[in-house]
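S.K.: For reference, the sequence and a predicted model appear below.
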Amino acid sequence: MKKIRHGFTLVELVMVLAVIAILATIAVPSIQDKLVRDQIVEAMKIADIAKAPVAAMWALTHTLPADNAGAALPAAEKIVGNLVSSVSVEAGAIHVSFGNRANTAIKGKLLTLRPAVVEDAPIVPLAWVCGHAEAVEKMTAKGTDRTSVPDKFLPLNCLAKKK
C-alpha cells in the first residue's frame, strides 16, 4: 500500500525562500528611492514660507528680492524643519537645503525653486520652476539653479526634459 504524504519537502521550501529573497533584493533599492523622493516632496512644503513674499514683491514692484532680508524673511538658517536645515532666497530663487532628519542621500544637498515670469506682461503671476526643469514657453526662469540633489531622487516636475 502506498502512503500519501501531505506538505512540502525541505528542498521545496528552501527554493521558495530563495525566490522570495531574490525578488526582495531587486525591490528594496526602488523602495528606498521612493522614500527619499517622498521626503523631498514633504520638505518642499516649507518653501511656501518664501514663495508668498517673493510673489508679492514681483506683483508690487516687478522686481525679485535679492536675499531673505529683501523678501522680509528671517535668516536662512532660521527657516528650518524636520527635513530642512535652511531656506534661502537669492535673486528671487528659493534654495532649500536638506538636513536635520533627512535621509543621508540628500543631507547637505540643495533643491532650487526659481520664479518664472512673463517679462513684458508683469501682471501675469509668476510660476515656480523646480530643480533642473525649464520654464514653460513665453516665461523666463529667474535666478540660478543650484540643485545638487541627484536626479534619481528628484520628483518628475523637477527634471529637465530629455531632448
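M.R.: Okay, I see it.

S.K.: residue ranges of the helices in this protein, please?
M.R.: With DSSP state H as the criterion, the chain has helices at 10-43, 48-61.

S.K.: Name the stretch among those helices that sits most buried.
M.R.: The highest mean neighbour count among the helices of the chain, using mean count of other CB atoms under 10 Å, belongs to helix 48-61: a mean of 16. Yep, even glycine has a C-beta here, placed from its N, CA and C like the rest.

S.K.: And for it, what's in contact with it?
M.R.: With CB atoms under 8 Å, 6 or more residues apart in numbering as the test, helix 48-61 has contacts from 63-65, 68, 70-73, 79, 87, 89, 92, 94, 113, 115, 117, 122, 125-126, 128.

S.K.: again with stretch 77-97
M.R.: Contacts of stretch 77-97 (CB under 8 Å, 6+ apart): 39, 42-44, 46-47, 49-51, 54, 58, 64-68, 70-71, 73, 76, 98-102, 108-115, 142-146.

S.K.: buried residues in that stretch?
M.R.: For stretch 77-97, the neighbour count (16 or more other CB atoms under 10 Å) marks 79, 81, 83-90, 92-97 as buried.

S.K.: Buried ones from the contacts of helix 48-61, can you make that a ChimeraX selection?
M.R.: Buried residues among the contacts of helix 48-61 (16+ other CB under 10 Å), as a ChimeraX selection:
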select :64,65,68,70,71,73,79,87,89,92,94,113,115,117,126,128
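
S.K.: if we can go back for a sec, closest one to Leu156 among the helices of the chain?
M.R.: helix 10-43 (9.3 Å; CB to CB).
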